[in-house]
Each structure stands twice: as structure tokens, then as C-alpha cells.
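J.: Everything below, folded, please.
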Amino acid sequence: DRRLDRLVHEINLEVSSQIDCAKCRNCCVQMSPGVDPDEMDRVAAKLGMTAQEFDDRYMVTTQFGERMVGGPPCPFLGKDRECVLGKDKPRDCRHYPHLRKSEFRSRTLMALCNAGRCPIVSNVLEALKIETGFYEWRRRW
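T.: So this is what the prediction gives:
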């Protein structure tokens with residue numbers, strides 16, 4: 001698992017340096033971020049409201065009991081496809097597509113789900129197939 005994480009992190013660094021997320025924003029168009037209670041005040045302040053006002057206006061509870069911003073698309077995606085929250089955006093957004101985290105193996109299914117919307121994830125997975133010999137193994141199979 002550590003070797004896999006190291007490989008994913010290395011590939012991600014190379015791939016993400018070649019793709020400008022600000023020109024894509026597919027994640028903002030197709031997903032809704034979570035906002036942790038510990039960051040609610042900061043995000044709400046950026047919008048000039050209290051945490052309770054933010055919660056009442058933007059947050060919803062999913063069928064799985066998770067608290068998320070209502071959408072998609074994310075209501076903070078501006079007309080120019082810029083995030084109106086800027087540097088104050090939620091942790092979930094700042095860390096997307098979550099390829100810098102450890103324990104990649106446990107998040108493989110989520111990476112596969114994200115590959116259709118995020119060119120970084122798609123390219124990392126393709127490079128990972130090459131690096132791990134997936135195509136050679138597949139031919140033998």
C-alpha cells in the first residue's frame with residue numbers, strides 16, 4: 001500500500017502540473033462539496049453570513065446522512081467558472097481529487113467514479129496502469 005501511494009503521488013504531481021483545474025471545473029459543475037462544521041464559520045464569513053445562515057441556505061442532508069452543499073452544480077461557482085469562495089473554499093474542494101492522500105487502495109472505487117469528470121484522475125489512472133504493468137498482464141490473461 002505504501003508503494004502504491006508513493007506511485008500515485010508521484011504520477012499525480014506530474015499530471016496535475018500539466019492540467020489547469022481553473023479551466024476545467026468539472027468537479028464544481030458535477031459535484032457538491034462537504035463543509036465540515038469546523039470550517040463553516042470561515043466559509044460563511046466569506047459570504048457575509050453567520051454559520052447558521054449558511055447552513056440554512058446552502059446545506060442539505062444526503063440520503064446517507066452526510067451534510068453537503070446543495071447542488072450540483074456548486075452554488076459557489078461563478079459565471080466565469082471561478083469559485084466565489086476563492087482561498088476560503090471548503091477543504092473538500094481544496095483537496096479534490098484526493099490523490100495526495102494516503103491509502104489510495106481504499107479509495108480506488110471513488111477514483112474510478114471521478115475519472116469520468118476529472119482529467120487529472122483519468123490521466124493518473126492511465127499512467128498507473130502503465131507503471132504497474134496492467135496492460136502486459138491483461139494481454140497474458
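
J.: center of the chain - which residue?
T.: The central residue of the chain, meaning the one whose C-alpha is nearest the mean C-alpha position (Cα atoms, centre = their mean), is Y96 at 2.5 Å.

J.: Provide a list of residues in contact with the closest residue to that residue other than its chain neighbours.
T.: For Y96, the nearest residue in space outside its immediate sequence neighbours is C27; the separation is 5.3 Å by Cβ to Cβ, 6 or more residues apart in numbering. For the C-beta atoms, the positions are set from N, CA and C on the backbone; glycine is no exception. Applying Cβ atoms under 8 Å, 6 or more residues apart in numbering, one finds that C27 lies in contact with 21, 93, 96-97, 114, 117-118.

J.: ok, then the element right after the helix or strand hosting C27?
T.: Counting by DSSP states H and E, the element that carries C27 is helix 26-30. Read in the C-terminal direction, the helix or strand following helix 26-30 is helix 37-46, with elements assigned using DSSP H and E.

J.: Which secondary structure elements does that following helix sit against?
T.: Applying 3 or more Cβ pairs under 8 Å, 6 or more residues apart in numbering; DSSP states H and E, one finds that helix 37-46 contacts helix 51-58.

J.: All set, thanks.
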